[in-house]
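>>> Have a look at this prediction, sequence included:
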Amino acid sequence: MQHIYTDYLVVGSGAVGMAFVDTLLQESTSSIVIVDRHHGPGGHWNDAYSFVRLHQPSAYYGVGSRALGANAKDAVGMNKGMYERATAAELISYYEQVMQGFLATGRVRYFSKSNYTQDLGKLPTTDEHQFVELLSGKTYRVSVNKKIVDTSFLNTAVPSTHPPKYSTAAGIHCLPLNELPKLKKSYAGYVVVGAGKTGIDAALWLLESGVDPDTIHWIMPRDSWFQNRENVQPGDDFFHLSYGALATQVEIVAQATSLPEVFSRLNATGQLLRIDDTVEPTMYHGAIISHSEITELKRIKHVVRLGRIQQIEATSIVLEKGTVAANPDWLYVDCSASAVERRPSVPIFQGAKITPQFVRTVQPTFSAALLAFIETNMKDDAQKNQLCSVIPLPDQPVHYLAMMAASMSNQYQWSKNEAIRRWINSTRLDAFSAMARNVKPFETDKLALLERYGKNVGLAAEKLKMLLSVGRV
Ligand SMILES: Cc1cc2nc3c(=O)[nH]c(=O)nc-3n(C[C@H](O)[C@H](O)[C@H](O)COP(=O)(O)OP(=O)(O)OC[C@H]3O[C@@H](n4cnc5c(N)ncnc54)[C@H](O)[C@@H]3O)c2cc1C
C-alpha cells in the first residue's frame, strides 16, 4: 500500500469537484489530491450522449478561473439569438484543460480510474482514507491534514450508466439515448421513455433527424414546469428579460394569496413554461427550455400519461395506470434515469468533511466555488453552515418556491458579508450581479426594474413562509 499526504482529498472531478478545487487553489496554498472513477475530469459529462448541451448558457458554467466558450450567441437552431451552450465534447475538452492548469500548479495530484473506498478513521492530526486504482488494483492510504470533500453526494445518474427499472421482453429494441446517433435504419415507431431533460433531448433529436412526429410516442409519467431560457441569459442585451423575470417573480409571490395562483401567474407571464397548456404539471426538476423547443415538442401528439412503464411486451406497454398497444418494430429510447438524486440534505461543513450541495438555485458550479471560498475565508463550521443553507433539490412544483425561499435567504446573508459580496461580484460563475452593478445612473428603465425587484424581494420572502407552510414542504 502506498502512503500519501495531502491537505484536502477531493472525491470526484465532476463539475462540482472542479469548481471547488479551482477556488481552493485561488484562495489557499493547500495541497490537494483528487480521486475519480472516470478516466478523465468532467464527471457525468464523460457518459453523456453526444448531442447533449448544457441547458443553461456556457457563460456562467464551469470553473471561475477559465471561460467556457466564446460568449457568442447562436445564429441558427432552437437556441437562436441566445448565448451558446456547451456540448459534451466541449465540456470534456474544457475540463481536461482546467485539470492541466491544476496540475501545473504543482499543488494538485490527480488519480483517475480510482475508486475512493474507505474512511479509515482519525489519527491525532490527520484523517486516514483509502482509494484503489481500478486497473492496477493498487491501494493508497491518504493522510488528510485538513478535509475530505465528498462530491459524490448528489449522485448524478444518466441513462448510459443507469439501466431502466422496467423489464423488456425478449426481442424488444430498447437503448439509452446515447445510441441514437449510431442508428442506421428506421423503425415503425419510436417511444421516448421519460419526460425530463433527457427525454426532451431525445424527442427533439428525433424530430430534428426528420422522424415523422406521428410515429413518436412519448411516455410522460409527469408533466413538468420548465424555466424559460430567455430569462436566464447573461449579458446586458438581456438585462430587461433577466431582471424583468426576477422582478416579476418576486412581485407575483409578494402579491399571491395561494400556490395555484402563483403558478398560474408565473406561467401567464412566461416565467415557467409547460409543453401542454391543458395539463397542470406535477413535476419541477429545474430544467430550462426555449419557446421554439416547446413549439417543436408540441408536434408530438401521442403522449402517454399513464405513469411509469413497468414492462414492455412485443405488442403492449404495461404502465402503472394502464396498458397501451405497441408494435414489435418500435424502438424504445430510455431516458428514465433520475439525473440528480433528491435525498435529505446534510450540513455542508461537518468537522473534517465537506459535502458540497446547492446553495443557489440549480447552480452547482457557482455553489461549489462559493463553498470553497467560504471554507478558506470563514472561521468555523457554525458560521460556514449559517452562510450556506442547503437549497433542496426540486421534484414537485412547490419545490420551485422552496428553492426560491432558501436562495433568497442565502443571498441576503451573503449581501451582509463584505468578503463574500466582493467574491460574488468578481466570479464569472455569477452572471447577474455584474449586470446589476454595471447599470449607469442615466439608465432609468433598468434602475426601475432593480427598484421593482428590491421593493418586492422582502415581501416575497415573508409571503413564501406563509405559502410554503400551507404547501407543507
Ligand atoms: C443531461 C444533463 C444536463 C445538465 N445540464 C446542466 C446545466 O446546463 N447546468 C447545470 O447547472 N447543471 C446541469 N446538469 C446538472 C449536473 O448534475 C451538474 O451540472 C454537474 O455536472 C454535476 O456535477 P457533479 O460533480 O455533482 O457530479 P458528477 O458529474 O456525477 O461527478 C461526480 C464524480 O464523482 C466521481 N465519484 C463518485 N463516487 C466516487 C468514488 N467513490 N470514488 C471515486 N470517484 C467517485 C464520479 O466518477 C464522477 O466523476 C445537467 C445534468 C444532466 C444529467
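Structure's in. What do you need?

>>> make it CA atoms for all contacts and neighbour counts henceforth
Noted.

>>> Which neighbouring elements make contact with the lowest-mean-pLDDT helix or strand in the chain?
Every helix and strand of the chain was ranked by mean pLDDT, DSSP states H and E. The lowest is helix 432-437, at a mean of 85. On a contact count with 3 or more CA pairs under 8 Å, 6 or more residues apart in numbering; DSSP states H and E, helix 432-437 meets helix 418-426.

>>> for the helix it packs on, packing partners?
helix 364-377, helix 398-415, helix 432-437.

>>> what is the rounded mean pLDDT of that helix?
Averaging pLDDT along helix 418-426 yields 95.

>>> buried sites along that helix?
Ile420, Ile424, Asn425 (16 or more other CA atoms under 10 Å).

>>> and those as CSV, adding distance to Ile92?
Compiled in CSV, those are given as follows (distance: CA to CA, whole Å):
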residue, distance to Ile92
Ile420, 30
Ile424, 26
Asn425, 27
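
>>> Let me see the contact set for Asp201.
Val52 (CA atoms under 8 Å, 6 or more residues apart in numbering).

>>> Save the buried residues of helix 418-426 as CSV, and put in distance to the ligand too.
Below are those laid out as CSV (distance: CA to the nearest ligand atom, whole Å):
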residue, distance to the ligand
Ile420, 21
Ile424, 17
Asn425, 19
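
>>> just the helices in the stretch 101-250 of the chain please.
Counting by DSSP state H, counting those that start in this stretch, the stretch 101-250 of the chain has helices at residues 197-208, 239-255.

>>> Give me the contacts around the last one.
Contacts of helix 239-255 from elsewhere in the structure, counted by CA under 8 Å, 6+ apart, are 230-234, 262, 265-266, 271, 435, 446, 449-450, 452-454, 456-457, 459-464.

>>> Just the pLDDT for Thr161.
For Thr161, pLDDT reads 70.

>>> how close does it get to the ligand?
11 Å (CA to the nearest ligand atom, to the nearest Å).

>>> For that residue, which non-adjacent residue is spatially closest?
Asp47 (7.2 Å; CA to CA, 6 or more residues apart in numbering).

>>> where does this structure dip in pLDDT?
For the chain, applying pLDDT under 70 flags the ranges 157-160, 338-341, 470-473.

>>> most distant residue from the middle of it?
Distance from the centre of the chain peaks at Pro124, with 38.2 Å (CA atoms, centre = their mean).

>>> which phi and psi does that one have?
phi -50, psi -40 (degrees, to the nearest 10).

>>> ok, now how distant is it from the ligand?
Taking CA to the nearest ligand atom, one finds Pro124 at 25 Å from the ligand.

>>> coming back round to it: tell me the most buried of the helices and strands packed on helix 418-426?
helix 364-377 (a mean of 24; mean count of other CA atoms under 10 Å).

>>> what packs against that one?
By 3+ CA pairs under 8 Å, 6+ apart, helix 364-377 packs against helix 15-27, helix 418-426.

>>> hang on, the earlier thing: the residue nearest to Thr161 touches Pro176, doesn't it?
No - contact criterion CA atoms under 8 Å: Asp47 and Pro176 do not qualify, at 11.1 Å.

>>> Give the residue from these two that has the larger number of neighbours.
More neighbours surround Pro176 than the other of Asp47 and Pro176, with 24 against 16 (other CA atoms under 10 Å).

>>> give the contact list for Pro364.
Contacts of Pro364 by CA under 8 Å, 6+ apart are Ala15, Val16, Gln357, Phe358.

>>> ah, wrong one, I meant Ala352
Applying CA under 8 Å, 6+ apart, the residues near Ala352 are Asp127, Lys146, Lys147, Ile148.

>>> buried stuff in stretch 249-261?
Buried residues in stretch 249-261 (16+ other CA under 10 Å): Gln249, Val250, Glu251, Ile252, Val253, Ala254, Ala256, Leu259.

>>> would you turn those residues into a markdown table with distance to Tyr412?
Converted to a markdown table, the buried residues of stretch 249-261 look like this (distance: CA to CA, whole Å):
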| residue | distance to Tyr412 |
| --- | --- |
| Gln249 | 17 |
| Val250 | 14 |
| Glu251 | 17 |
| Ile252 | 20 |
| Val253 | 17 |
| Ala254 | 17 |
| Ala256 | 22 |
| Leu259 | 24 |
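
>>> Quickly find the element holding the spatially most central residue of the chain.
Nearest to the geometric centre of the chain sits Val362, at 5.4 Å (CA atoms, centre = their mean). Under DSSP states H and E, no helix or strand contains Val362.

>>> which secondary structure elements does the helix or strand containing Ala382 contact?
If you go by DSSP H and E, Ala382 is part of helix 381-387. Counting contacts by 3+ CA pairs under 8 Å, 6+ apart, helix 381-387 packs against strand 349-350, helix 398-415.

>>> which stretch among these comes nearest Arg343?
helix 398-415 (13.3 Å; CA to CA).

>>> returning to that earlier point: what residues are up against the residue farthest from the centre of the chain?
Per CA under 8 Å, 6+ apart, neighbours of Pro124: none.

>>> Gly101 too?
Per CA under 8 Å, 6+ apart, neighbours of Gly101: none.

>>> ok so, going back, output the helices and strands packed on helix 418-426 in CSV; the columns should cover distance to Pro163.
Listed next are the helices and strands packed on helix 418-426 as CSV, based on distance: least, CA to CA, whole Å:
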stretch, distance to Pro163
helix 364-377, 25
helix 398-415, 27
helix 432-437, 38
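
>>> Dump those helices to JSON lines, plus distance to the ligand.
Compiled in JSON lines, the helices and strands packed on helix 418-426 are given as follows (distance: least, CA to the nearest ligand atom, whole Å):
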{"stretch": "helix 364-377", "distance to the ligand": "5"}
{"stretch": "helix 398-415", "distance to the ligand": "14"}
{"stretch": "helix 432-437", "distance to the ligand": "15"}
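
>>> sorry, back to before: gap between the residue nearest to the centre of the chain and His285?
9 Å (CA to CA, to the nearest Å).

>>> Overlap of the contact sets of these two?
By CA under 8 Å, 6+ apart, the residues touching both Val362 and His285 are Leu393.

>>> hang on, the earlier thing: okay, the helices and strands packed on helix 381-387 in a markdown table with distance to Met99 next?
Converted to a markdown table, the helices and strands packed on helix 381-387 look like this (distance: least, CA to CA, whole Å):
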| stretch | distance to Met99 |
| --- | --- |
| strand 349-350 | 25 |
| helix 398-415 | 29 |
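
>>> can you tell which of these is closest to Lys384?
strand 349-350 (6.9 Å).

>>> neighbouring strands for that closest one, and are they parallel or not?
strand 353-354 (antiparallel) (DSSP bridges).

>>> what sits up against the partner strand?
With CA under 8 Å, 6+ apart as the criterion, strand 353-354 contacts Lys147, Ile148, Val149, Asp150, Ile348.

>>> ok, and the most crowded of those?
Result: Ile148 is most packed of the contacts of strand 353-354 (other CA under 10 Å), 25 neighbours.

>>> Which residues lie in contact with Thr198 in this structure?
Leu177, Cys335 are the contacts of Thr198 under CA under 8 Å, 6+ apart.

>>> Can you give me the distance of it to the ligand?
6 Å.

>>> cool, Gly196 as well?
Distance from Gly196 to the ligand, by CA to the nearest ligand atom: 9 Å.
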